[in-house]
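>>> any chance you can model this:
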Amino acid sequence: MVIYEMDNEVKYGKFHNKHGANIVFYEDQRVAHRKDSYHKGVVFTEQPLEIGSLFQLKILDKGGGWAGALRIGFTQHDPETGIPSGALDCYNNSHYWILSASTVHHDGKEHKMDFSIEELKVQDSIGCCITNEGELKYFVNGQDRGVGWKNVPTDRPLWGFADLYGLTRKVKSEFTFGERVVSQMMYLQCSAMIHSHCHKYRSMESGFPLINRCILPMC
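Numbering: from 1, shown residues only. Down below sits the predicted model:
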C-alpha cells in the first residue's frame, strides 16, 4: 500500500524543454500541442518521476484524419542526451516501455492489453505508473486497466514519455513531481475504494471531500 497526499489546488508538472520538432507548449509548459503533420510529437516529463507516481495526460484535441494516436509510457533515457523522432523508433529499445494502441512495446517484445488507447476521446485521461515491485500499470479515467509490463528496473531514474502521434494533437499535464498524487478525476472515478481506505476527510466548496491522507492499494 502507498500513502497518497492530495490538495484541491494541485499544480501539475511541466514537460521537458527537449521535445519533438512539431511540438509547441502552452500554459507554462503544461499543455503540449503538435502543430503540424502527424509525427515528431514526442514529449518527456521535465524531470524523472518517483516510483509510484502517476504519469497522466488529458487529451484536449484529436483529429486531422491521420491514423494512429497517442503513445505513452516511461523511459530511462535522459532527454538531455537526445530525443527520438517518435515512439516507433523506441520499440526495440531496452530503455523504453511504451503503450501504442493496445500493445506495450519494450526491447523488441510485446504485451497485449485489454483496451486500446486509440479508443480514447477528447477529455479522457490516460495514465501509468511503475509500482515498487516494478510493474507498469495503466489507468483510463482513473480506472485500473491492468499491468502492461513486469520487472521494470526501479533503481534508475524514469521519465514519463509520450508521442502525440496521428489523431492526438494536444494533451495536458495531469502529473506531479515529488508527491504521489491521485487527481480529482481519479478520485471521483474511484470514490468507492477511496471511501473504504481513507482515514480523514474534510469538505470542499464544491461539495466533494478533499483527501488529506489516504492509503490506496495501488502503486
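>>> residue 152 contacts residue 137, correct?
No. Using C-beta atoms under 8 Å, residue 152 makes no contact with residue 137, being 10.3 Å away. Where you see a C-beta, it was placed from the backbone N, CA and C, and this is true even at glycine.
>>> quickly list what's touching both of those two.
Taking C-beta atoms under 8 Å, 6 or more residues apart in numbering as the criterion, residue 152 and residue 137 both touch residue 130.
>>> can you show me the helices along this protein?
Per DSSP state H, the chain carries helices over the ranges 184-189, 191-197.
>>> how about residue 21, what does it touch?
Residues in contact with residue 21 (C-beta under 8 Å, 6+ apart) are residue 40.
>>> quick check on it: phi, psi?
Backbone torsions of residue 21, given as degrees, to the nearest 10, read phi -60, psi -20.
>>> state the pLDDT value of it.
You'll see residue 21 listed with a pLDDT of 97.
>>> residue 42 versus that one, what's the distance?
Between residue 21 and residue 42 the computed distance is 9 Å (C-beta to C-beta, to the nearest Å).
>>> tally of neighbours for residue 137?
Per other C-beta atoms under 10 Å, the neighbour tally for residue 137 reads 18.
>>> ugh, typo on my part, it should be residue 28
Residues contacting residue 28 under the criterion other C-beta under 10 Å number 10.
>>> in space, what's closest to it - neighbours in sequence excluded?
Using C-beta to C-beta, 6 or more residues apart in numbering and skipping the chain neighbours, the partner closest in space to residue 28 is residue 14 (6.8 Å).
>>> thought residue 29 was touching the one you found, still the case?
Yes. Assessed by C-beta under 8 Å, residue 14 is found in contact with residue 29 at 4.1 Å.
>>> overlap in contacts, the two.
Taking C-beta under 8 Å, 6+ apart as the contact rule, residue 14 and residue 29 both touch residue 46.
>>> per-residue confidence at residue 213?
pLDDT, residue 213: 36.
>>> again, but for residue 10
70.
>>> go on, the one 4 residues further on?
Residue 14 carries a pLDDT score of 97 in this model.
>>> ok, it to residue 159 distance?
12 Å.
>>> overlap in contacts of those two?
With C-beta under 8 Å, 6+ apart, residue 14 and residue 159 have common neighbours residue 45.
>>> so where is the chain shaky, pLDDT-wise?
Scanning the chain with the threshold set as pLDDT under 70 gives 1-9, 178-219.
>>> now with 80, please.
1-10, 178-219 (pLDDT under 80).
>>> so what's the nearest residue to residue 16 once chain neighbours are set aside bridging to?
Leaving aside its chain neighbours, residue 16 sits nearest to residue 44 (4.0 Å; criterion: C-beta to C-beta, 6+ apart). Per DSSP bridges, the residues bridged to residue 44 are residue 161.
>>> same deal with residue 26?
According to DSSP bridges, the partner residues bridging residue 26 are residue 31.
>>> I'd say it and residue 14 touch.
No. Taking contacts as C-beta under 8 Å, residue 26 lies outside contact range of residue 14: 11.4 Å.
>>> out of these two, which sits in the more crowded spot?
With neighbours defined as other C-beta under 10 Å, residue 26 and residue 14 compare such that residue 14 has more, 18 against 12.
>>> spit out the contact partners of the more buried one.
28, 29, 30, 45, 46, 173.
>>> contacts only, for residue 64.
The neighbours of residue 64, taking C-beta under 8 Å, 6+ apart as the test, are 38, 166, 167, 169.
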